[in-house]
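[1] for reference, the sequence and a predicted model appear below.
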Amino acid sequence: MNSHTILSRSMRVARSLVVAVVALLTCATSLAPAQAQDAPASSTPASTPASNANAADAGKPFVERVDLKPLGTIAVQSDGRLKSLSSFAQEMMAFVSGPREINGQDPLFTYLDMLFRPDVYRDADVIYVKGAGPRKRIADALLAAATPESRAALDEQMKAFEKTGLISETLILKPESVAVLREMRGDLIRTEKVVRAIDSAITVKDPRFLLSKLKIVPRGDGDASQEWHGISAVMFADGKEPVPGSMLLLAENKGQPEDLSPEQAAVVGDAWRALVGGWLKGDSNAVNGAIATLGSELPKISAETYPDQTRLGWEYWYFKNDHMTRVWLVYMAASIFLLLGFVWKWPRARTIGLGIFGLAVLLHTIAVMLRWYIADRWPNSNMFEAVTTAAWMGAIGAVAIEWWVRKSAMFSLFALGAAVSGMVALMAAHFLPVQLNPAISNMMPVLHDVWLYIHTNVIIFSYVLIFMAAVSAGIYILHRTFGGAATYARVGGAASLIVSGSHGEERMAKGRAALGEILDGTTMVLMEISFVLLWAGIVMGAIWADHSWGRPWGWDPKEVFALNTFIVFAILVHVRLKAKDKGLWTAWLAVIGAAVMLFNWIVINFVITGLHSYA
C-alpha cells in the first residue's frame with residue numbers, strides 16, 4: 001500500500017470521524033433541556049399571557065419570544081467576582097432546583113420570572129430534594145395527612161416528586177413536612193445537609209433575595225475597591241417609567257447613589273422598570289427593547305473598569321453549552337474503538353479510536369483553557385475543576401506515553417485508559433452538577449500559595465493515573481476470569497520501555513508479547529508513575545500545610561486516605577516481588593488502590609468534613 005492510498009484512506013476516516021462526533025454532540029444538545037419536563041403540568045409555573053407580539057411570533061409562548069442574550073452577557077458582582085449574569089443565574093437556580101431545569105427554561109429566564117412573578121412559583125414544583133430516602137419520608141408524611149378527596153391528586157404529585165426530586169414551597173412548608181425535616185436535621189451524617197439545601201432553596205427563591213443579589217450597576221467613579229450597586233439602587237430614580245407595584249415591596253428607596261449621575265440612573269432605572277412592566281404584561285417587544293438598553297447602557301457607566309465583553313461572551317457560551325462536558329460522548333466513542341482494536345487485534349479500529357481520542361483531547365483542552373481564561377486562574381480549586389482537569393492531565397499524559405511506546409505492543413492501551421477516565425470524569429461533571437458544582441468562584445485565601453500549584457496538580461495527576469491503571473488491571477482480571485493464561489510482564493512497568501531481552505529483542509514487541517503480559521506491563525507503567533507522583537504530592541502537601549496551617553501533618557481525613565492509597569501501592573510493589581501469580585496480584589491491588597483513591601475523593605469530600613473539604 002503506497003503513501004497516497006494511506007493518506008486518502010486517512011482523510012476519509014477523518015471526515016467520517018468529524019461527521020460522527022458532530023452528530024453525537026448535536027444529538028446530545030437537542031436532548032439536554034428535557035430534564036424536568038416529566039413533572040405534571042399542574043405543578044409547573046404557568047406561562048405569562050401573550051400580547052403585543054409580532055405576527056410571526058404570535059403563536060410562540062412568551063419564553064420563546066424573549067431574547068435574553070444581551071442580558072446574559074452583562075456583568076454581575078457576586079462573591080467578590082465579576083461574572084456573566086447568565087452563569088450567575090445558573091448558580092442561583094441550582095440552589096433552588098438542583099440539576100433540574102424548570103419547564104425547560106433558561107435559568108436566567110427562571111430567575112427573572114421568579115423575581116417578577118413569585119406567586120406563580122409558590123405552588124409550582126421547583127424546590128429540589130436530594131436523595132430517594134428523604135423524598136419518600138416527606139411524601140409518606142404528606143400522603144398520611146391528606147384528606148380522601150385530595151389524596152388521588154396528591155398521590156400522582158408525590159410519584160412525580162419521588163422521581164424528579166422537585167416539590168413546591170407550599171407542600172414543603174406544610175406542618176407534616178416540617179416535622180419530617182426537623183427529624184432529618186438531627187441526623188448530621190445522612191440528612192442534615194439535605195435539610196440545609198432545602199432551607200437555601202426557600203431563601204434563594206424569595207424575590208427580595210433575588211433582587212438584592214442583582215448587583216449589575218457599576219460604580220460611576222470607577223472605584224474597584226467598592227461594591228457595585230444593586231439594580232434596586234436605581235429602580236426608584238426619576239424617569240419616564242413608573243415603578244411597578246410588585247417591586248415596591250421588595251426594596252426600600254434609599255436615594256440615588258452619589259457616584260452615578262442623574263442621567264445614568266434615569267436611563268438604567270427606566271430600562272429596568274420597562275423590563276419588569278413588559279414582563280408582567282407578556283409584552284416581548286417591550287422586554288427585548290429594555291434588555292437591549294440595559295445591555296448597552298450598563299457598560300457605559302464605567303467603561304474603563306467594566307469587564308472585558310469578549311470574556312463575558314465566552315463565559316455565556318461556556319455555561320450555555322454545559323461547560324463542554326458533553327465531550328464525554330467523544331471519549332466514549334474512542335473507548336469503544338480502542339477496546340475493539342486491542343481485544344480483536346483490529347488495526348483499523350485502533351486507528352479510528354486513536355483519531356477520535358485525539359479529537360476528544362483537543363476538545364477537552366479547549367474546555368480547560370477556556371475555563372482558565374474565564375476564571376483568570378488555573379482551574380483546580382473545586383471538585384468540578386479537580387475532576388475535569390485531572391482527566392485532562394491523564395489524557396495529555398497518555399498522548400506523551402503513547403508516543404514513547406508507539407513501537408511496542410502496549411501502543412493504544414494508555415489512550416484507552418485515558419479515554420475511559422475522561423469519559424467517567426466528564427459524565428460525572430455532566431450528570432452530577434449538584435455534587436460537582438460547575439460555578440466559577442474565587443479561590444479560598446488558604447489556596448493562594450505557590451505550593452498549591454505544585455501539590456494539588458501533582459496529586460490529581462497521580463489520581464487519574466491510578467484510575468487509568470485500574471482500567472488495564474480490570475481488563476486483565478476479566479482476561480484471567482475467562483480463561484486467560486497467567487502471564488505477566490517479565491520486565492515490569494517503566495523498565496519494559498527501556499530494557500531489552502537477552503538477545504536484544506524488545507520485551508514488549510508487537511506480535512511477541514502475550515495479552516496478559518501487555519496488560520500487566522501497562523498497569524505497571526501507570527502504577528509506577530502514579531506511585532512516585534503520589535509520594536511527591538504528599539511530601540509537597542506537607543510543605544504547603546506547614547506554610548498555610550503551621551504544621552506539616554495533622555491527620556486530616558484526606559491526608560490519611562492519601563497516605564492509605566500510597567501504602568496500598570507500596571504493598572503492591574513488595575507483593576509483586578514474592579507472589580507467584582504476579583499479574584493477578586498486581587491487577588487486584590491496582591483496583592483496590594483505585595477504590596481507596598476514589599473513597600478519598602468522593603466520601604471524604606462529600607460525607608466527612610475536614611480541612612480539605614473545599615477540594
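    Done, it's in.

[2] mind listing what residue 437 touches?
    Counting by C-beta atoms under 8 Å, 6 or more residues apart in numbering, residue 437 makes contact with 91, 94, 382, 383, 384. For glycine as for every other residue, the C-beta is placed from the backbone atoms N, C-alpha and C.

[3] give me the low-pLDDT residue ranges for the stretch 301-450 of the chain?
    444-449 (pLDDT under 70).

[4] what's the first helix or strand after the longest helix along the chain?
    Secondary structure of the chain read by DSSP state H shows that its longest helix is helix 515-549. Next helix or strand after helix 515-549 toward the C-terminus (DSSP states H and E): helix 557-578.

[5] what are the contacting residues of that following helix?
    459, 466, 492, 527, 530-531, 534-535, 537-538, 541, 553, 582, 585-586, 589-590, 592-593, 596-597, 599-600, 604-605, 608, 610-612, 615.

[6] mind giving me the packing neighbours of the longest helix of the chain?
    helix 413-431, helix 450-481, helix 557-578, helix 582-606 (3 or more C-beta pairs under 8 Å, 6 or more residues apart in numbering; DSSP states H and E).

[7] tell me which of those is the most buried.
    Neighbour counts (mean count of other C-beta atoms under 10 Å) averaged over each of these peak at helix 413-431, with a mean of 26.

[8] tell me how far that helix lies from the chain's centre.
    Mean C-alpha position of helix 413-431 versus that of the full chain (C-alpha atoms, centre = their mean, to the nearest Å) differs by 14 Å.

[9] how about the strands in the protein?
    75-78, 81-84, 125-128, 166-168 (DSSP state E).

[10] closest to residue 400 out of the helices and strands packed on helix 515-549?
    For the helices and strands packed on helix 515-549, proximity to residue 400 was assessed by C-beta to C-beta; helix 413-431 is nearest, at 8.9 Å.

[11] report all helices and strands that the closest one contacts.
    helix 328-343, helix 347-375, helix 383-404, helix 450-481, helix 515-549.

[12] switch the cut-off to 6 Å
    If you count contacts as 3 or more C-beta pairs under 6 Å, 6 or more residues apart in numbering; DSSP states H and E, helix 413-431 packs onto helix 328-343, helix 383-404, helix 450-481.

[13] can you put those in TSV and add distance to residue 564?
    TSV is the format used below for the helices and strands packed on helix 413-431 (distance: least, C-beta to C-beta, whole Å):
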stretch	distance to residue 564
helix 328-343	29
helix 383-404	19
helix 450-481	12
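
[14] what about stretch 180-198, distance to the chain center?
    With C-alpha atoms, centre = their mean, you get 25 Å for stretch 180-198.

[15] ends of it, how far apart?
    Distance across stretch 180-198, first residue to last, is 12 Å (C-alpha to C-alpha, to the nearest Å).

[16] contacts for it next, please.
    Residues from elsewhere that reach stretch 180-198 (C-beta atoms under 6 Å, 6 or more residues apart in numbering): 130, 131, 134, 137, 138, 141.

[17] go again using 7 Å as the cut-off
    127, 129, 130, 131, 134, 137, 138, 141, 172 (C-beta atoms under 7 Å, 6 or more residues apart in numbering).

[18] do you know how far the residue nearest to the fifth one when sequence neighbours are not counted is from residue 138?
    In other words, residue 134. Nearest residue to residue 134, sequence neighbours excluded (C-beta to C-beta, 6 or more residues apart in numbering): residue 194, at 4.9 Å. Residue 194 sits 10 Å away from residue 138, going by C-beta to C-beta, to the nearest Å.

[19] which neighbours do the two share?
    Between them, residue 194 and residue 138 share these contacting residues under C-beta under 7 Å, 6+ apart: residue 129.

[20] so for those two, which residue has more residues nearby?
    residue 138 (27 against 20; other C-beta atoms under 10 Å).

[21] what sits against the more buried one?
    Contacts of residue 138 by C-beta under 7 Å, 6+ apart are 129, 177, 180.

[22] now it: how far from residue 520?
    51 Å.

[23] where does pLDDT dip in this protein?
    In the chain, residues with pLDDT under 70: 1-58, 444-449, 491-512, 548-549, 554, 607-615.

[24] residue 79 contacts residue 441, doesn't it?
    Yes. In this structure, residue 79 is within contact of residue 441 by C-beta atoms under 7 Å, at 5.7 Å.

[25] between those two, point out the one with more neighbours.
    Shown here are residue 79 and residue 441; by other C-beta under 10 Å, residue 441 has more neighbours (15 against 11).

[26] return stretch 267-275 as CSV; C-alpha atoms alone will do.
    C-alpha atoms of stretch 267-275 as CSV (Å, rounded to 0.1, in the frame of the first residue of the first chain):
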residue,chain,number,x,y,z
VAL,A,267,-31.6,55.6,31.8
VAL,A,268,-30.9,52.3,33.7
GLY,A,269,-33.8,52.8,36.0
ASP,A,270,-36.2,53.4,33.1
ALA,A,271,-34.9,50.3,31.3
TRP,A,272,-35.3,48.1,34.4
ARG,A,273,-38.8,49.4,35.0
ALA,A,274,-39.8,48.8,31.4
LEU,A,275,-38.4,45.3,31.6
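
[27] for the longest helix of the chain, buried residues please.
    515-531, 533-538, 540-542, 544-545, 548 (16 or more other C-beta atoms under 10 Å).

[28] repeat that for stretch 355-364.
    Per 16+ other C-beta under 10 Å, stretch 355-364 contains these buried residues: 355, 356, 357, 358, 359, 360, 361, 363, 364.

[29] need those in CSV with distance to residue 578, can you?
    Converted to CSV, those look like this (distance: C-beta to C-beta, whole Å):
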residue, distance to residue 578
355, 43
356, 41
357, 37
358, 41
359, 44
360, 40
361, 39
363, 45
364, 40
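
[30] ok, of these, which one's closest to residue 61?
    residue 363 (33.7 Å).

[31] what sits against that closest one?
    By C-beta under 7 Å, 6+ apart, the contact list for residue 363 reads 324, 327, 330.

[32] can you tell me the closest non-neighbouring residue to the second one?
    For residue 327, ignoring the flanking residues on the chain, the nearest one in space by C-beta to C-beta, 6+ apart is residue 363 at 4.6 Å.

[33] kindly provide the distance from the one you found to residue 460.
    20 Å.

[34] what do you get for residue 72?
    Where residue 460 is concerned, residue 72 sits at a distance of 31 Å (C-beta to C-beta).

[35] next: residue 126.
    With distances taken as C-beta to C-beta, residue 126 is found 35 Å from residue 460.

[36] cool, and residue 539?
    As for residue 539, its distance to residue 460 is 16 Å (criterion: C-beta to C-beta).

[37] so which residues of the stretch 151-300 of the chain form helices?
    169-172, 175-185, 192-204, 207-212, 232-235, 245-248, 262-281, 284-301 (DSSP state H, counting those that start in this stretch).
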